[in-house]
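Student: A structural model of the following input is requested.
(2 chains)
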Amino acid sequence: MSEVIVITSGKGGVGKTTTTANLGMGLAMRGKNVVLVDTDTGLRNLDLLLGLENRIMYDLIDVTQGRVPYKKALVRHKKVENLFLLPTSQVKDKSAVNPEELVKLCEELRKEFDYILIDCPAGIEQGFQTAIAAADVAIVVTMPEISAVRDADKIIGELGRADKENIKLIVNRIRPQMVESGDMLDMDDINDILSIDCIGQVPDDKMVITSTNRGEPCITMDKSTAGQAYRNIVGRLLGEKVPFMTFPKEGFFSRLKHVFGM
Amino acid sequence: MLNALMKIFGKKEPSGKVARDRLKVVLIHDRASVSPEVMDHLRRDILDVVGRYLDINPEEMDISLANDEDSVALVANIPVTNLRHGGKR
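Tutor: Sure, this is the predicted structure:
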């Protein structure tokens, strides 16, 4: 049985594409047949995060407009051979694909793949409506920042209006030390505010940037804390009960510093 | 003890808590924003129900959602022109 998962957020820059790349890679490393569909037409980046930018021949628009069958547009990952990317066009805009076309494409992809992950553009306009059209599950990515949480709430409302009931939350870029000192919203706060089932909290990790620089998602790096968080999320998506990560607490002296406002 | 110390040194409330409180309020307002279409339906339905019991002037009827500091209220001002006996059947 296959599952179509859309990764969305409302606000830009919270880590939708990074999350898509890592979860896709993780599911493929666990032996699943996975295709990642980039719907951020005009601002495509999923190819870069996977290190596949030089292998693209055709794109999503070529497929939906019937110029090539989808198999011709798929790009196989260099190392993980059951992971594929369906890139979008960098020159067209969001109006180039409509919801019906994406639903039809996903029906075809369901026959070949266990997981179809859709990377959604920011915003709540047509691109968003297209990206969510075929989804069985929506993963909302947010950050412990007031504007990102508000936008996540808006997106959850929009998903509800589109009759998407299976919604999960990922809180990205948590800074454990700021949470500890009370200067950052924590997962419980965000759970309480959004009332959505949370499937992961990802710490802010430099290795997300260094791995992106190399075109290798951080989930492949054993030492990456964000990578570990993504591996946990992949486990949960596969139905495993994985306990949530605990972050190292601040030491006594730094806490004392905070008390004295230093 | 910690709180007392914080007071002495004039330390402000942790910003995480401020963010949480602000979000809670702003989301009540966000979630309560109803499209004009829905407001129109609501207006018509209220008119329908109230009209069964009271003579009202639809022209002067006013319905809106009012945002308070931390709550939202449906405010309806419906001038009654005449009372019916035992309701309309």
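Student: What residue in the stretch 51-200 of chain A comes nearest to chain B?
Tutor: A:G182 (2.9 Å; C-beta to the nearest C-beta). C-beta here means a position set from N, CA and C on the backbone, and glycine is covered the same way.
Student: Check which helices and strands the helix or strand harbouring B:V38 sits against.
Tutor: Following DSSP states H and E, one finds B:V38 within helix B:36-51. Here helix B:36-51 touches strand B:62-67, going by 3 or more C-beta pairs under 8 Å, 6 or more residues apart in numbering or on different chains; DSSP states H and E.
Student: Determine how far the strand it packs on lies from the middle of the whole chain.
Tutor: The chain centroid and the centroid of strand B:62-67 are separated by 6 Å under C-alpha atoms, centre = their mean, to the nearest Å.
Student: Now A:M143. Its backbone dihedrals?
Tutor: Backbone torsions for A:M143, taken as degrees, to the nearest 10, come to phi -130, psi 160.
Student: Counting neighbours, what do you get for it?
Tutor: 25 (other C-beta atoms under 10 Å in any protein chain shown).
Student: ranges for the helices of the stretch 151-262 of chain A?
Tutor: Applying DSSP state H, counting those that start in this stretch to the stretch 151-262 of chain A gives helices spanning A:176-180, A:187-194, A:206-214, A:225-237, A:252-259.
Student: rank these by mean pLDDT and give me the bottom one.
Tutor: Sorting those by mean pLDDT places helix A:252-259 lowest, at a mean of 58.
Student: Give me the angle between the longest helix along chain B and strand B:62-67.
Tutor: Criterion DSSP state H: the longest helix present in chain B is helix B:15-32. Per axes from the mean of the first three to the mean of the last three C-alpha atoms, to 10 degrees, the angle that helix B:15-32 makes with strand B:62-67 is 170 degrees.
Student: Counting by contacts, list what helix B:15-32 packs against.
Tutor: So helix B:15-32, by 3+ C-beta pairs under 8 Å, 6+ apart, packs with helix A:146-161, helix A:187-194, strand B:62-67, strand B:72-77.
Student: what ranges of chain B fall below the confidence cut-off?
Tutor: B:1-11, B:67-70, B:84-89 (pLDDT under 70).
Student: With A:D204 as the reference, measure out to whichever residue of it sits closest to chain A.
Tutor: Taking C-beta to the nearest C-beta as the measure, chain B has B:P14 as its residue closest to chain A, at 2.9 Å. Counting by C-beta to C-beta, to the nearest Å, the gap from B:P14 to A:D204 is 19 Å.
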